[in-house]
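> Can you look at this prediction? I've put the sequence above it.
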Amino acid sequence: MFAAGTTRLNSSGAACAASRSVIPSFDCPAPRCGAFFHSYRLRSRPRGRAARGKVRAIHRWCLAGILVLLTSVLPPLQAGEILEAVKSRGTLRCGVSEGVAGFSEKDATGRWRGLDADFCRAVAAAVIGDPERLELVPLKASTRFPALQARRIDVLARNTTWTFTREVALGLQFPAVIFYDGQAFMVPAGSGIAKPTDLNGATVCVEKGTTHERNLSFYFTSRGLSVTPVVVDSSREVVQAFFAGRCRAYTSERSRLAAARLAAPGGPASVEILAEPISKEPLAPVVLDTDREWVKLVRWVLYALIMAEEHGATRDNIEAVVAGARTPLSRLIGDHRAALANALGVKPGWAIRAVKAVGNYGEIYERNLGSASPLAIERGPNRLWSQGGLMYAPPID
């Protein structure tokens, strides 16, 4: 269970007050909702496990109430409205992380690089025709969904786990999985900690607004164990807190731990990532579920990148492969395919533009996360289905 000492960062409780006036069924009393948004300590041992669980449930429903409020205040979207807005604006607004190596991080020249950043470029190329007609908006985990609901961004590509609650309660769509991951722990090398249960009674750094908080609580509570979470408001700050010694371990997706390991003050060898995962983390781009045309477009851009790898089409040879009429990719051209492109809401050649902009899925992976990157993360479940992984695209016909 979570022990006393949890800390959260400040924000305003006004949104909860508003949600009570519009959505009274969320039962979001001001003091409790304020506790969710203000720094607080769970002085919970005298209150018991049931009381602590009730507090956490209230916090989750308060957040859900706020996000539902956003969709009730904003006018409903018309079919294809987001897609048409992107084309009319001539720029794709894509929400990304504040800086996670391999996914979305600025390099020395100020250019965003990473799997998520490249996916945003692929969508821009497919829709607008130019992968650089793009505004990448860095977001904290705690602000990513409100930013999407408020339509500050068109698509969220920010290490986001696809969950039932997020899809059903928050009105979101996760078009397809872009990276299969799992939550794990990073600890100092030589700490004597070999598996998660060895952390019983320890402090653990965790980022606010993520599935990691709930997974951490469930894992230890279900085993009759406890940890003291140190909840930090951003991906950068949580890493800094761990390296500053504020907690004995840091928990996140394995890929993010691998990225943080590169920045360890004592070098990568000074920390280690425990082998045992405690959750499944299927990461996916996120869009509003009120525009089905946009959902389909984002989904099939990702599938086009995967399909290109399946059939040996790369950034350099995609046009030749498609023109060769020897693979299913070739069925993306022709008059009837132009009609399908129009039905999708984009100009013909959208899939070719996406692959030419960033390469196929394998190229993107290796460049940002795999052997050609400092992270050198084994693809594992992110291999193609034909190579023992989970990645494949549905058929064209």
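Sure, I can see it.

> Tell me who's in contact with the nearest residue to D289 once chain neighbours are set aside.
With C-beta to C-beta, 6 or more residues apart in numbering as the criterion, D289 has its nearest non-adjacent residue at 4.2 Å, and that residue is Q173. All C-beta spots, glycine's among them, are computed from the backbone N, C-alpha and C. Residues near Q173 by C-beta atoms under 8 Å, 6 or more residues apart in numbering: E167, V286, V287, L288, D289, V295.

> how about a cut-off of 10 Å?
By C-beta atoms under 10 Å, 6 or more residues apart in numbering, the contact set of Q173 is 162, 166-167, 284-292, 294-296, 298-299.

> Okay, and the beta partners of it?
Taking DSSP bridges as the rule, Q173 bridges to V287.

> Make 143 the first number, not 1, from now on.
Yes, from this point I'll number from 143; that puts the last item at Q315.

> if I look at it, how far off is E226?
Using C-beta to C-beta, to the nearest Å, Q315 is found at 18 Å from E226.

> repeat for I494
22 Å.

> Check D296 too.
11 Å.

> Between the two, which is the more surrounded one?
D296 (27 against 15; other C-beta atoms under 10 Å).

> got the contact list for that one?
224-225, 227-228, 231, 233-237, 262, 265-266, 269, 277, 279, 290, 429-430, 433, 436, 440 are the contacts of D296 under C-beta under 10 Å, 6+ apart.

> R253: how many residues sit nearby?
R253: 11 neighbours (other C-beta under 10 Å).

> And the pLDDT for it?
Model confidence at R253, expressed as pLDDT, equals 97.

> And A483, by the same measure?
Note on A483: pLDDT of 88.

> likewise V310?
V310 carries a pLDDT value of 94.

> CA atoms of the helix or strand in which it is found as PDB?
Using DSSP states H and E, the element containing V310 is helix 306-311. The C-alpha coordinates for helix 306-311 follow below in PDB (Å, rounded to 0.1, in the frame of the first residue of the first chain):
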ATOM      1  CA  PHE A 306      -9.900   1.100 -20.800                       C
ATOM      2  CA  THR A 307     -10.700   4.000 -18.400                       C
ATOM      3  CA  ARG A 308      -9.000   6.600 -20.500                       C
ATOM      4  CA  GLU A 309     -10.800   5.500 -23.600                       C
ATOM      5  CA  VAL A 310     -14.300   5.100 -22.100                       C
ATOM      6  CA  ALA A 311     -14.400   7.700 -19.300                       C
END
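
> remind me which residues of the stretch 143-292 of the chain are low pLDDT?
Residues of the stretch 143-292 of the chain that meet the criterion pLDDT under 70 lie in 143-221.

> hmm, try it at 50
143-189, 191, 193-194, 196-197, 199-201, 203, 205-206, 208-219 (pLDDT under 50).

> how far does stretch 384-402 stretch from start to finish?
10 Å (C-alpha to C-alpha, to the nearest Å).

> Quick one: mean pLDDT for it?
Mean pLDDT, stretch 384-402: 97.

> Kindly report the same for stretch 530-539.
Average pLDDT, stretch 530-539: 93.

> buried residues in it?
M533, A535, I538 (16 or more other C-beta atoms under 10 Å).

> Roughly how far does the second one sit from A455?
From A535 over to A455 the distance is 12 Å, taken as C-beta to C-beta.

> One more: A331?
Separation of A331 from A455 (C-beta to C-beta): 42 Å.

> Check which residues of stretch 509-517 are buried.
R509, N510, L511, G512, S515, L517.

> Now do that stretch: distance from first to last residue.
10 Å.

> Look at D375 and report its pLDDT.
89.

> cool, the one 5 residues further on as well?
Reported pLDDT at V380 in the predicted model: 95.

> count of neighbours near it?
For V380, using other C-beta under 10 Å, the count is 26.

> Quick check: it touching S284?
No. Taking contacts as C-beta atoms under 10 Å, V380 lies outside contact range of S284: 11.6 Å.

> where do the contact lists of those two overlap?
Shared contacts of V380 and S284, counting by C-beta under 10 Å, 6+ apart, come down to E349, K350, T352, V373.

> Distance-wise, check the residue most central in space within the chain relative to G237.
In the chain, the centroid-proximal residue (C-alpha atoms, centre = their mean) is T302; its distance is 1.7 Å. Distance from T302 to G237, counting by C-beta to C-beta: 9 Å.

> again with I494
As judged by C-beta to C-beta, I494 and G237 stand 26 Å apart.

> The two: which has the busier surroundings?
G237 (27 against 22).

> Helix, strand or coil: sort out the more buried one for me.
strand (DSSP: H, G, I helix; E, B strand; the rest coil).

> I'd like the distance between it and A446.
G237 is 21 Å from A446, where distance means C-beta to C-beta.

> Next: V279.
Taking C-beta to C-beta, one finds V279 at 24 Å from A446.

> for the chain, what spans make up the strands?
With DSSP state E as the criterion, the chain has strands at 234-238, 247-248, 254-255, 276-280, 297-298, 314-315, 321-323, 325-330, 345-349, 370-374, 391-395, 413-415, 423-425, 429-430.

> The fourth one: which residues count as buried?
Pointing back at strand 276-280 there. Neighbour counts over strand 276-280 (16+ other C-beta under 10 Å) mark L276, L278, V279, P280 as buried.

> Output those as TSV; include the columns distance to E247.
Shown next, in TSV, are those (distance: C-beta to C-beta, whole Å):
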residue	distance to E247
L276	15
L278	11
V279	14
P280	10
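
> Closest to P470 out of those residues?
L276 (28.7 Å; C-beta to C-beta).
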